[in-house]
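Visitor: Generate coordinates for the sequence data below:
(one chain, ligands or ions: 1)
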Amino acid sequence: NGRHPPKSDENPIVREDLRTGLTAEAIKNDILENLVYVQARIPKIATRNDWYMALAYTVRDRLLERWGMAIESLQQSSRAVCYLSAEFLPGPHLGNAILNLGMYEQTKEATARLGLDLDALISHEGEPGLGNGELGRLAACFLDSLATLEIPTIGYGIRYEFGIFDQEIHDGWQREVTDKWLAFGNPWEIVRPEIAYYVPLGGYTETYYDRLGRFRVRWVPERVVKGIAHDTPIPGYHVENVALLRLWKSEACESFDFQAFNEGDYYGAVEDKVASETISKVLYPNDEPIPGKELRLSQQFFFVSCSLQDMIRVHRLGGGVPATFDRRYAVQLNDTHPAIAVAELMRLLVDKQRIDWERAWEITRNTFSYTNHTLLPEALEKWPLPLFRKVLPRHLEIIFEINRRFLEDVRLTYPGDSERLRRLSLIEEADDRYVRMANLAAVGSHAINGVAALHTDLLKETVMRDFYELYPERFLNVTNGVSPRRWMLLCNPGMSGLITDAVGENWVCNSQDSIAGLESFADDGAFREAWRKVKQGNKMELARHISERTGIVVNPESLFDIQVKRIHEYKRQHLNALHIISLYIRLKRTPSLDVPPRTVIFGGKAAPGYARAKLIIKFINSIADVVNIDPDVADRLKVVFFPDFNVKNGQLIYPAADLSEQISTAGKEASGTGNMKFSLNGALTIGTLDGANVEIREAVGPENFLVFGLTAREVTDLKMRGYRPWESYEQNEELREIIDLVRSGFFSRGDRDLFEPLVNELLSRDEYCLLADYPSYLEAQEKAGKAYLVQGQWLRMSILNVARMGGFSSDRSIREYLDHIWKVDSLKASGSRGNGRP
Ligand code: 9GP
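Guide: Next up, the predicted model:
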């Protein structure tokens, strides 16, 4: 169709030159060249970081030409996907890029010729922590899949100077350390000072008549900041396409005020610069109350405005006009964080491009679609009206107008139903007034999706019920997925090699069909043995890191029972902790107990302001302190809190797991993606029927999944009936013993008060139903222990898990978005449906 780069001699990539060649010699020479001419070092005095940088530039060289072509394709494509997300958590780039470009062997050889160890250079790289957890990680998996499926794509976000904090553990407590990911430079990004947009903030609006005598509104901002594009190419797997990750950094329009300087006001001369740069300075940790955070609203508007202005510019470059914007772009709102885009696009179209309201609204709705990622009421964003007006006075007017028209329609559909009107309104009218961002996203989008089947059902039944009744055709489910490139091939080369030997290499991109072939190996003794050896190797590697990071020596032969994710009461790390105490007591009481040795490993960050979550970390570490030195349970039970859980550590942890803890209260975890990563790496899941666990269990078969606990409906019913956790405590002798032991100060050096807030909550309210689920959790854990003792059967279940998890590739998720929401064609497809209306 003419959009594809020529595959002839003219194709620059085919040329074997210094910056594109894929032979070991070309790579080696480029590393040396980059070391000297980019990093300004000679080999003799180069540090590991210098070599890492030189290698990173060498790999980047090979990406850039592909990138140039991708940008051209983007401009020529009929419709592109733009993924708007306040968070992206791509993880370290080097290993992934080498893998996707298919240059691992040659690079290994090239580095060896220079006396370097490639794997050491790969693990030298830190990571851009530009997200809190799964939401940002999902966005990164989606870019990987979009690039691999050869879809013209731009991911838009914020280039935070400081990402998610690094976590250290001191005396069992979390300590937050500023993340300085840019301290040694970032070889993967390209700064584009020429791609910059002005973003107004604050001030007021005024009305006027334009030259043609038409009534108009003008926004007179209090200040204007500039957003500068910082681009990172995201390579697809074994294709020439790359996706573009474009992150905005805020700067002052005029970084030095000479007027102020001349008047002797030295501080004032740079004040605007400091204030402007603050906008992209730091990522907000989630799980903390949102209202009142003016800077966060400014951040959201800042990146959304830059991104939409950029889309309009690119569209123009391709010869488009604003009135056809929706044919050119499918824009996904990743949660409500970018929902202000609905009002901003209206402003750009109506105020700036002079398009009439009705047409602008049609374009806006055709352009956007919205993914909801949570049902937790505290995570549904709403902004106090006065704050909103202060930051975005023009947008508030636009939202009022959208709301007026919307409620008029609602009134006609439901005459006299003022309660419904109140619930659907974009403005919450309680004692204080708020702008409801989820409602804005829902009204301004043509599609709304949840991220797992159960989540989407609950969305339709609870928080978005009125919208579902109003617009049933807009709702659909797209279950999350993860990239098999990073989360299998890269992080678990041993297992991936076995899979490829068994079923061929197609599974990497077409996992659903191909990997199913692995099933027939589940009963093959030799294959099982090879599978066991790989898992064992992964566990030894993790054990080595645990010992380095925490000083705790663990037995790699033991059952590795792992829970890694953000620390939150609904995720119930403390339920896992109660099980540890029970096992500890049982082992002490009955040394002959027939259970496998177990190492329980935790990892995850708590939001800095979330005191209860931080206390849970302390609780786990305190239990570890007691258990790990008790000779009565030596070699039979160990507890580890692995500090600073992030993408890089995840790559080490998932492949080493035997048992995956997915134990959230049913109805609370929207999807989970860690659950998929574990299972794809051969761990069995112990889990509730929550989020994507439900679908994982269906896929792998109930006999290969350890389910327990109340269902979402049962949780609701229990609460309706009046849940009295105290009764569980009174009726369950073992539970009582555990809780009394905690209260006695046994795990807190005699301090009876330390864990009182945790215990009190469990006995009085138990919002997340730990005590209600405790007996069935224990039963499932016993089952897991017994099953692990029969190694052959365990290995069989492990293999079957992997064989049946192909549907949880993010490629499948992206295909669903493409087919049902975005209606965008692959660059390699001939013909186009993208010119039609979405
Ligand atoms: O809590 C959900 C998590 O279950 C899901 O896997 C992830 C990606 O869809 O989104 C999380 N939600 C948020 O981080 C905030 O809405």
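Visitor: C-alpha only now, for contacts and for neighbours.
Guide: Noted.
Visitor: what about the residue of the stretch 51-200 of the chain found nearest the ligand, neighbour count?
Guide: Residue of the stretch 51-200 of the chain nearest the ligand, by Cα to the nearest ligand atom: residue 135 (4.1 Å). Neighbour count of residue 135, defined by other Cα atoms under 10 Å: 19.
Visitor: nearest spatial neighbour of it, skipping sequence neighbours?
Guide: The shortest distance from residue 135 to any non-neighbouring residue, by Cα to Cα, 6 or more residues apart in numbering, is to residue 87 (7.1 Å).
Visitor: and if you look at residue 681?
Guide: Nearest one to residue 681, counting by Cα to Cα, 6+ apart, is residue 655 at 5.2 Å.
Visitor: So the one you found is in contact with residue 490, correct?
Guide: No. Counting by Cα atoms under 8 Å, residue 655 does not reach residue 490; the two are 10.5 Å apart.
Visitor: Those two - which one has more neighbours?
Guide: Between residue 655 and residue 490, counting by other Cα under 10 Å, residue 655 is the more crowded of the two (30 against 17).
Visitor: May I ask which helix or strand encompasses residue 600?
Guide: strand 598-603 (DSSP states H and E).
Visitor: Just the residues contacting the next helix or strand after that strand, thanks.
Guide: Remark: after strand 598-603, the chain's next helix or strand is helix 611-627, criterion DSSP H and E. Contact with helix 611-627 is made by 172-174, 567-569, 573-574, 577, 581, 584, 606-608, 633, 637-641, 747-748, 755, 757-758, as judged by Cα atoms under 8 Å, 6 or more residues apart in numbering.
Visitor: buried subset of those residues?
Guide: 172-174, 567-569, 573-574, 577, 581, 584, 606-608, 633, 637-641, 747-748, 755, 758 (16 or more other Cα atoms under 10 Å).
Visitor: Tell me which of those fall in helices.
Guide: Among the buried ones among the contacts of helix 611-627, the ones falling in helices (DSSP state H) are 573-574, 577, 581, 584, 758.
Visitor: I'd like the residues you listed written out as CSV, with distance to residue 541 and pLDDT added.
Guide: Shown next, in CSV, are these (distance: Cα to Cα, whole Å; pLDDT from 0 to 100):
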residue, distance to residue 541, pLDDT
573, 24, 98
574, 27, 98
577, 25, 98
581, 27, 98
584, 26, 98
758, 34, 98
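Visitor: Closest one to the ligand out of those, please.
Guide: Closest to the ligand, out of all of those and judged by Cα to the nearest ligand atom, is residue 573, at 14.9 Å.
Visitor: number of nearby residues for whatever residue of the stretch 451-600 of the chain ends up closest to the ligand?
Guide: Nearest to the ligand in the stretch 451-600 of the chain, going by Cα to the nearest ligand atom, is residue 451, at a distance of 5.5 Å. For residue 451, the neighbour count with other Cα under 10 Å is 24.
Visitor: and if you look at residue 764?
Guide: 12.
Visitor: now swap in the one 10 residues further on and tell me
Guide: A count of nearby residues for residue 774, using other Cα under 10 Å, gives 20.
Visitor: Any regions of the protein where pLDDT drops low?
Guide: 1-16, 255-258, 260-264, 266-267, 269, 287-292, 829-838 (pLDDT under 70).
Visitor: Looking at it, which residue is nearest the ligand?
Guide: Closest point on the chain to the ligand, by Cα to the nearest ligand atom, is residue 672, at 3.4 Å.
Visitor: Enumerate every residue touching the residue of the stretch 451-600 of the chain closest to the ligand.
Guide: 371-373, 477-480, 670-671.
Visitor: In strands, which of the residues you listed fall?
Guide: Judged by DSSP state E, the contacts of residue 451 include 371, 477 as members of strands.
Visitor: Mark which of the contacts of residue 451 are buried, thanks.
Guide: With burial judged by 16+ other Cα under 10 Å, the buried subset of the contacts of residue 451 is 371-373, 477-480, 670-671.
Visitor: Helix or strand for residue 231, just tell me which one.
Guide: Counting by DSSP H and E, residue 231 is part of strand 223-235.
Visitor: For that strand, which residues meet the burial criterion?
Guide: In strand 223-235, counting by 16+ other Cα under 10 Å, buried: 224-235.
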